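A.B. asks: coords please:
(chains A and B)
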Amino acid sequence: MQHTLTITTSNEASVVERLLQVTRYRGYQLAGLELTPLTDRAGMQITLKVQSDKPITLLTNQLAKLYDVQHLVLASADVAVLRA
Amino acid sequence: MNGAELVLKVLQQQGVNTIFGYPGGAIMPIYDAIYHSTVKHYLCRHEQGGAFSAIGYARASGKVGVCLATSGPGATNLITSLADALLDSVPLVAITGQVSQAVMGSDAFQEVDVLGLSLSVTKHSFMVRNVKDLAATLQEAFRLAQSGRPGPVLVDIPKDIQLAPAVEPEWPEYPAPRIATSLANAAKARELIANAKKPIAYIGGGVQMADALAQLQTFLAESVMPSVTTLKGMGSVARANPHYLGMLGMHGTQAANLAVQQCDLLICLGARFDDRVTGNLAKFAPGAKVIHVDIDPAEINKVRFADCAFIGDMKQILPAISATTQCEAWLAHCQQLKQQYGWRYDHPGERIFAPLMLKQLSDRMPDNSVVCCDVGQHQMWVAQHMRFNSPRNHLSSGGLGTMGFGLPAAIGAKLARPQDTVIAVSGDGSFMMNVQELGTIKRFRLPVKIVIVDNQRLGMVKQWQQLFFNERYSETDLSDNPDFVALAAAFAIPGHTITRKDEVESALDAMFTWPGPYLLHVRIDEKDNVWPLVPPGAANEDMLTETN
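C.D. replies: Now for the predicted structure:
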C-alpha cells in the first residue's frame, strides 16, 4: 500500500539523508520525494511517498522522533483507511 | 578564548568532571585546552574502549557519559559504542574532531564523513559550522542525550572551529524538562489489573532510567502480582519481593517464561518486546492482554499490540494504574513454578561449575557492587545466578550484545563510583576484544576486579554449533589463548588461575582482599552450556534444558 507523508523539517543539510535512512531501515520502499524550501529558509516541506505492507504508523512514529522533524502529517486518505 | 577552550567551558557548565578519549590531529586544539582544564581526562587505549568507559560511567551513575575522538579512524572507532548506547538507551555525548572546513569534502588526511556514519547509530548528530553556534550546539547535545528516551548524541567539530576566537556566552537557565504524560487510560488500566486472574509485570531498563524504582516497589506492593525482568531490568525489583520470578526470554528462568506464557495480563514497563525476550512472537504470551508503559511513542504497538498504552513519565503513570489484585491462586501457582524450577548447583566432578562460582561471587561481593559483563555464556550465567539491587549495578550490553564491553565499562563504573567495588566478569573471547584497556587500569591504578570465565571457546557460538549446526565447531576453538595471568602481570596487575571447585572461595576472598586491580582466571569445562535455552523459532514454554 502507498502512503503520502507531508513533513516539515529544519533546514539542516542532513535532514533528507535521515528521512531516507529511517525509511529504508524500517522496511519501506521509497515511491516519491519532493522538497520545497520554506519561504523564510527556516526549513523545508518534504512530501514523502512510501510503499509497504507494514502498518504506516511504524514508520511515522520513527520519523516523528527525528530531531529535525517539526511536523508530520499522514495524508487524510491514508488516515481514513487506518481508521476504517 | 578559542572554540576548543569553549568546549571545555561547556563541559564544566554541564557539570562534567570526567571524560574519556584519545587524541589525534583534528582534535588537538581541544586536547590543548584539556591540558589546562580542571575536567579530568582519562586516556583510553582505543576509542571504542573510551566510549565504552563513558557508557559504563553513565550507566553506573545516571549522568551523561562523555567521550572524545579525533577525525577519521578515531571517529570510526566510536561507531560500535554509539550503536551500543543507542540500543541500550544510554545518555552519551561523543565529541569528534573534524578536518578544517577548508578541506572538508576533499578526502583530506583522516577525513571521514562521521556525520553520515552516525545517522543510524545516534539519537542525533550535529556538525558545528560556525563558532557562534558551538556552545548552544553542545548544550543541546547534553539536553537531547538525557531527554525522553536517552541516547547517544555526536557533535563533530572541525579544527578551524576549535581554533576560532570564541566568546563565552550567557548561560541560560533551562527549566527542568516536563514530560508530557497522559493518564487518560488510567481507569481502563486499573480495571484490567483488578479483573485479571493471572497478571504479571514485565519490567525493562526503562523503569530505572525513569528514576521510578520506588514507584515500582509501591506498585508491586499495592497491585500484588508476579514480576519478571529483562536483562536491563535486572535489579529493579526489591530482593525482598517474594513474587519475583527472575529474567524472562531465551535464557530466562523456566518459572518466568512459563508464567508469562500463561498470564492473562502482561504489564510491560519500560521494555520493548525484544526478540530475545519474546522468542516466537506469534506464540508469546498468547492469552494475555497488554498494558504497555514507555516514554518512547515508537515502542507502542511496534512489536506487540497494546490493549492499553501510556506514553510518558513512569513516575506518574505507575501510581495512577495501581489497583488491588485478586489472584491468590495465580500467585501460589507461580510460587510453585519457582520452587519446581529453582537453580541447582550440584554438579559432578572437581572442575569449576560457572553458575556456582558466580553465585559464590554474588554472595561474597560487597553490597552495591557493580558487575560489568561481556557477551556470551558468562553474561547469561551472570544474569541467572547473580543478584543485584539496582540496574545500575549490572552493566551488560543488552541490545547490541557487544563483546569487549565489560572491561572498559568497568573502568567507567569505577570512576563514577570509586567507593563501590567494581567487577568485570568476562569470557576468554570477549576479554581479548578490548584487552588494551588493561593499560588504562594500570595508568590510573584503578582497583577493578576482573574475573575471566575461560572455557577456551567462543562458548555461546559453540553451544549453538553443538545444538543447531550438527557439532560443526567452525572457528570457535580458542585453546591457544594467552596466559591471562602473565598478560595481566605485564600491566602490573596481579592474578591467579583456578581450575577446581575447592579453590573458588579462597580465590574470591583473595581477590576482594587485594587492595588494587586483580585478575582471577577461572578455567571451566568447555562442555558446560547455558540452560535453559529457548531454541530459535520456538515459543518460550519450549525451553531446552540439560536433561532434554
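A.B. asks: hey, let's count contacts and neighbours off CA atoms from now on
C.D. replies: Noted.
A.B. asks: assign B:Val382 to helix, strand or coil.
C.D. replies: helix (DSSP: H, G, I helix; E, B strand; the rest coil).
A.B. asks: show the subsequent helix or strand relative to the lengthiest helix in chain B.
C.D. replies: Scanning chain B for the longest helix, with DSSP state H as the assignment, gives helix B:47-61. Remark: after helix B:47-61, the chain's next helix or strand is strand B:65-69, criterion DSSP states H and E.
A.B. asks: strand partners of that next one, parallel vs antiparallel please.
C.D. replies: Sheet pairing of strand B:65-69 (DSSP bridges) gives strand B:18-21 (parallel), strand B:92-98 (parallel).
A.B. asks: buried residues in whichever helix or strand comes after that strand?
C.D. replies: Towards the C-terminus, the helix or strand next in line after strand B:65-69, according to DSSP H and E, is helix B:73-76. If you call a residue buried by 16 or more other C-alpha atoms under 10 Å in any protein chain shown, then helix B:73-76 has these buried ones: B:Gly74, B:Ala75, B:Thr76.
A.B. asks: hang on, the first one packs against B:Arg45?
C.D. replies: This points to B:Gly74. No - with contact defined as C-alpha atoms under 8 Å, B:Gly74 does not reach B:Arg45; the gap is 11.2 Å.
A.B. asks: give me the common contacts of the two.
C.D. replies: B:Tyr22 (C-alpha atoms under 8 Å, 6 or more residues apart in numbering or on different chains).
A.B. asks: so what's the closest residue to chain B within chain A up against?
C.D. replies: Relative to chain B, the nearest point of chain A is A:Asn61 (4.8 Å; C-alpha to the nearest C-alpha). Residues in contact with A:Asn61 (C-alpha under 8 Å, 6+ apart) are B:Pro297, B:Ala298.
A.B. asks: hang on, it in a strand?
C.D. replies: No - looking at A:Asn61 with three-state DSSP, it is helix, so not inside a strand.
A.B. asks: mind pulling the model confidence for it?
C.D. replies: On the pLDDT scale, A:Asn61 is placed at 96.
A.B. asks: distance of it from A:Leu74?
C.D. replies: 11 Å (C-alpha to C-alpha, to the nearest Å).
A.B. asks: what is in contact with the two at once?
C.D. replies: Contacts common to A:Asn61 and A:Leu74, judged by C-alpha under 8 Å, 6+ apart, are absent.
A.B. asks: just the helices in the stretch 251-400 of chain B please.
C.D. replies: Using DSSP state H, counting those that start in this stretch, the helices of the stretch 251-400 of chain B run over B:254-262, B:275-278, B:314-321, B:328-340, B:354-364, B:377-385.
A.B. asks: next, the angle strand B:92-98 makes with the longest helix of chain B.
C.D. replies: Interaxial angle of helix B:47-61 relative to strand B:92-98 (axes from the mean of the first three to the mean of the last three C-alpha atoms, to 10 degrees): 150 degrees.
A.B. asks: for B:Glu168, see how far away B:Val7 is.
C.D. replies: Distance of B:Val7 to B:Glu168, given as C-alpha to C-alpha: 10 Å.
A.B. asks: ditto for A:Leu74
C.D. replies: 43 Å.
A.B. asks: more neighbours, these two?
C.D. replies: A:Leu74 (18 against 14; other C-alpha atoms under 10 Å in any protein chain shown).
A.B. asks: in space, what's closest to the more buried one - neighbours in sequence excluded?
C.D. replies: The spatial neighbour of A:Leu74 that comes closest, neighbours along the chain excluded (C-alpha to C-alpha, 6 or more residues apart in numbering or on different chains), is A:Leu5 at 4.7 Å.
A.B. asks: residues near the residue in the stretch 251-400 of chain B that chain A sits nearest to, how many?
C.D. replies: Going by C-alpha to the nearest C-alpha, chain A is nearest to B:Ala298 of the stretch 251-400 of chain B, at 4.8 Å. B:Ala298 has 19 neighbours, counted by other C-alpha under 10 Å.
A.B. asks: just checking, it touches A:Leu58?
C.D. replies: Yes - the pair B:Ala298 / A:Leu58 is scored as a contact, 7.0 Å apart, by C-alpha under 8 Å.
A.B. asks: give me the element A:Met44 is part of.
C.D. replies: strand A:43-51.
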